[in-house]
Structure formats: structure tokens, C-alpha cells
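> Give me a model of this one.
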Amino acid sequence: MSDAMLYVAAWVESWKASVLQGLEDGERGQGMVEYGLILGLVSIAAIAIMVLLGGQIGTRFTAIRVALGGTP
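You can find the predicted model right below:
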């Protein structure tokens, strides 16, 4: 797993904990707005990572497929 993917995974876990804590504090409306904003940011980050690493990921899957006896 690349460093960028590990960073995003750690960030999502941290965010999830803070959202759950916010819901427990009774700030439900504000928490939902924050949830929506963060969900949007995570979506943008995921799309950016896929765009930046898409070619590399495709190349690796092709290499794996060829190594397993598939066609390129």
C-alpha cells in the first residue's frame, strides 16, 4: 500500500472517531454538516488519488494478470 493510501486511511479513521464523538455530544445538526463536508473532501481526495495513480495501478494489475498466465 502506498504512503498516500495509508495517509488517507489513517485520516478517515481519525475523522470517523471525531464524527462519532460529535454525535455523542448532542451537536447532531452541526455534526451532520461537518459529516457532509468531510465526505465531500474524502471523495475529492479519492478521485485525485485514482487519477494520479490510475496508470500505475493499471500497469500493476496487467503485470499480475500476465504473471498468472492471462493475456496482456
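> drop to CA atoms for contacts and neighbour counts, all remaining ones
Noted.
> Could you pull out the helices in the protein for me?
For the chain, the helices identified by DSSP state H occupy 3-24, 28-67, in order along the chain.
> which helices and strands does the first one pack with?
Yep, that's helix 3-24 we're talking about. Where contact means 3 or more C-alpha pairs under 8 Å, 6 or more residues apart in numbering; DSSP states H and E, helix 3-24 is packed against helix 28-67.
> For this protein, which residue occupies the most central location?
Against the mean C-alpha coordinate of the chain, by C-alpha atoms, centre = their mean, the closest residue is Ala46 at 4.9 Å.
> can you put the helices of the chain in JSON lines and add mean pLDDT?
Written out in JSON lines, the entries for the helices of the chain read as follows (pLDDT from 0 to 100):
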{"stretch": "helix 3-24", "mean pLDDT": "74"}
{"stretch": "helix 28-67", "mean pLDDT": "87"}
